[in-house]
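1. sequence and predicted structure, then a few things I'm wondering about:
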Amino acid sequence: MSNDAPKSAYELAMARLRQKDAEAGVVTGPVSDEQKAEIAEVRSRAEARIAELKILHQSTIAALFDPDARALAEAELRRELQRVDEDRESKIARIREARR
């Protein structure tokens with residue numbers, strides 16, 4: 001694609017994001033095979049933890065009959081799932097930022 005050709009909204013947005021990252025000093029590059037393996041391990045552990053939380057939640061819900069107690073258990077599950085997601089994403093970001 002030549003530089004004179006019209007760009008799509010997506011291409012314009014990506015160019016702006018790249019420029020913003022460059023101004024902020026964010027350096028992106030290819031992920032090494034070792035980093036890919038570490039990221040896969042982090043994701044695998046997070047998925048296992050999520051599955052564990054859901055199984056425990058199902059057993060807890062089965063014993064609860066009070067709607068308020070069920071709502072509290074649902075809220076607790078959402079908080080725990082959010083925490084696992086945030087933890088996973090922060091670990092992946094640290095792995096990507098590490099230059100080897």
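-> Received, thanks.
2. what helix or strand does the residue most central in space within the chain sit in?
-> Of all residues in the chain, the one closest to the mean position by CA atoms, centre = their mean is E89, 3.9 Å from it. Element membership of E89, judged by DSSP states H and E, is helix 67-97.
3. toward the C-terminus from the helix or strand of the chain with the lowest mean pLDDT, list the very next helix or strand.
-> When the helices and strands of the chain are scored by mean pLDDT, DSSP states H and E, helix 9-24 comes last with a mean of 85. Going down the chain from helix 9-24, the next helix or strand is helix 33-63, by DSSP H and E.
4. now do R49: how many residues are near it, please.
-> Neighbours of R49 under the rule other CB atoms under 10 Å: 16. In short, each C-beta sits where N, CA and C put it, glycine included.
5. tell me the contacts of it?
-> V84 (CB atoms under 8 Å, 6 or more residues apart in numbering).
6. if we use 10 Å, what do you get?
-> E80, L81, R83, V84, D87, R88 (CB atoms under 10 Å, 6 or more residues apart in numbering).
7. only whichever of those are buried, select them in ChimeraX.
-> The ChimeraX selection below is limited to those of the contacts of R49 classed as buried (16 or more other CB atoms under 10 Å):
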select :80,81,84,88
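8. just the contacts of R49 now: which is nearest R43?
-> The closest of the contacts of R49 to R43 turns out to be R88 (CB to CB; 6.6 Å).
9. hang on, that closest one packs against R45?
-> Yes: with contact defined as CB atoms under 10 Å, R88 counts as touching R45 (8.0 Å).
10. overlap in contacts of the two?
-> With the criterion set as CB under 10 Å, 6+ apart, the contacts of R88 and R45 do not overlap.
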